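Student: Next come a sequence and a model predicted from it.
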Amino acid sequence: MMITAPTDVRRITCVGAGVIGGGWVAHFLARGYDVTAWDPAEDAEEKLRRLVDAAWPALTQLGLAEGASRERLTVVGTLEEACAEAQFVQESAPEKLELKRSLLAQLDAATPAGVVIASSTSGYPMTDMQTEAVTPGRLLVGHPFNPPYLIPLVEVVGGEATDEAAVAWASEFYEVAGKSVITMERELPGFIANRLQEALWREALHMVANGEATVKEIDDSITEGPGLRWAFMGPCLTFALAGGEGGMGHMLDHFGPSLKSPWTRLEAPELDKALRDAMVDGCDEAAGDRTIADLVAERDQGVIDVLRATGRLPGQREGGQ
Ligand SMILES: NC(=O)c1ccc[n+]([C@@H]2O[C@H](COP(=O)([O-])OP(=O)(O)OC[C@H]3O[C@@H](n4cnc5c(N)ncnc54)[C@H](O)[C@@H]3O)[C@@H](O)[C@H]2O)c1
């Protein structure tokens, strides 16, 4: 049913070219694809090229695919032009359900039959987004993490009307394109990682709202603490080690009862002006003299260093470096 094999894809279309769409563009260019982008914002092309330029040193450090070039990016003026010759489409428009519904229907109408269209949505189930499309079988979620050009994970999941073959095609395609894929059997709002991130995030907001911890203390508590473990061993296995030689069994018997303690408030706090100001001011203070561009460069280098230190750079994974 799919017209191009995952290994034969050469031309990718990215629709929506903000933080995530631009990150996808940078990733696909670095992997040697021809990329066509469309974004309705007036200054979109300039911003996109700036983002790609900022990402390029990190991507060069990781190792560009043969023939990879920023010159293989074409920015076009209409959605139809963007999709006409696409062999794969990645949608990264704003996270608004109505917008996603009608945009995905437009993309479906403009893209050659049999070409898979993936949405970067952070949490909407595809079942809720594919309702207006004429051929919803090729629509699915391909959820990346910021920045998509450095964080390997993509969560792939279809909706009720998605063909299983499209999900299998997309999972294989992303792997070929250098990503690490979790193919989910069933839909779940927020998928896997964002459900976990969100639990932590709600608690962080509550602590700031109640004056229980500062933005800096919250960030330090993760980067100087559990975050170091999570870069290479997930929360379940690291907790198994918290049970010593007794492993997860002892850990659950020992600490299970305290799960009932009121340690967390899973309902989100009200995002009122005071909390918004406290978060923004706290982040400004934590950033100090560093601009957003400085922080992006720092984060990119940090991710590369962690990947290298844990043997997960592309060349290391293949045993080549
Ligand atoms: N920011 C993240 O960390 C992150 C992570 C994973 C997934 N996502 C998801 O990626 C998507 C994009 O988020 P973002 O953070 O890049 O947002 P963003 O605001 O940085 O970018 C959105 C872009 O979409 C463009 N746009 C507006 N209307 C459009 C339309 N009708 N068609 C096409 N493009 C349109 C805007 O001009 C803008 O450039 C969302 O679905 C979001 O949930 C975000």
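Tutor: Alright, I've got the coordinates.

Student: Spit out the contact partners of residue 242.
Tutor: 251, 255 (Cβ atoms under 8 Å, 6 or more residues apart in numbering). All C-beta spots, glycine's among them, are computed from the backbone N, C-alpha and C.

Student: Swap in 10 Å and give it another go.
Tutor: 248, 250, 251, 254, 255 (Cβ atoms under 10 Å, 6 or more residues apart in numbering).

Student: Can you tell me how far the last one is from the ligand?
Tutor: Between residue 255 and the ligand the computed distance is 32 Å (Cβ to the nearest ligand atom, to the nearest Å).

Student: still on that earlier bit, most neighbours of all the contacts of residue 242, which one?
Tutor: residue 251 (17 neighbours; other Cβ atoms under 10 Å).

Student: residue contacts, the residue lying closest to that one once chain neighbours are set aside?
Tutor: Using Cβ to Cβ, 6 or more residues apart in numbering and skipping the chain neighbours, the partner closest in space to residue 251 is residue 243 (3.2 Å). Residue 243 makes contact with 249, 250, 251, 252, 253, 254, 255 under the criterion Cβ under 10 Å, 6+ apart.

Student: Now the last one. Nearest residue, chain neighbours left out?
Tutor: Translated: residue 255. Once chain neighbours are set aside, the closest to residue 255 by Cβ to Cβ, 6+ apart is residue 242, at 7.4 Å.

Student: And the contacts of residue 242, which is closest to residue 133?
Tutor: residue 248 (43.6 Å; Cβ to Cβ).

Student: was I right about the closest one contacting residue 235?
Tutor: No - judged on Cβ atoms under 10 Å, residue 248 makes no contact with residue 235 at a distance of 11.5 Å.

Student: Next, format the contacts of residue 242 as JSON lines and append secondary structure and pLDDT.
Tutor: Converted to JSON lines, the contacts of residue 242 look like this (DSSP: H, G, I helix; E, B strand; the rest coil; pLDDT from 0 to 100):
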{"residue": "248", "secondary structure": "helix", "pLDDT": "91"}
{"residue": "250", "secondary structure": "helix", "pLDDT": "92"}
{"residue": "251", "secondary structure": "helix", "pLDDT": "91"}
{"residue": "254", "secondary structure": "helix", "pLDDT": "92"}
{"residue": "255", "secondary structure": "helix", "pLDDT": "89"}
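
Student: The ligand contacts on this structure?
Tutor: Neighbours of the ligand within the chain, by Cβ under 6 Å from any ligand atom: 15-21, 39-41, 44, 92-95, 99, 103, 120-122, 143-144, 146.

Student: Separate out the buried members of those residues.
Tutor: 15-18, 20-21, 39, 44, 92-93, 103, 120-122, 143-144 (16 or more other Cβ atoms under 10 Å).
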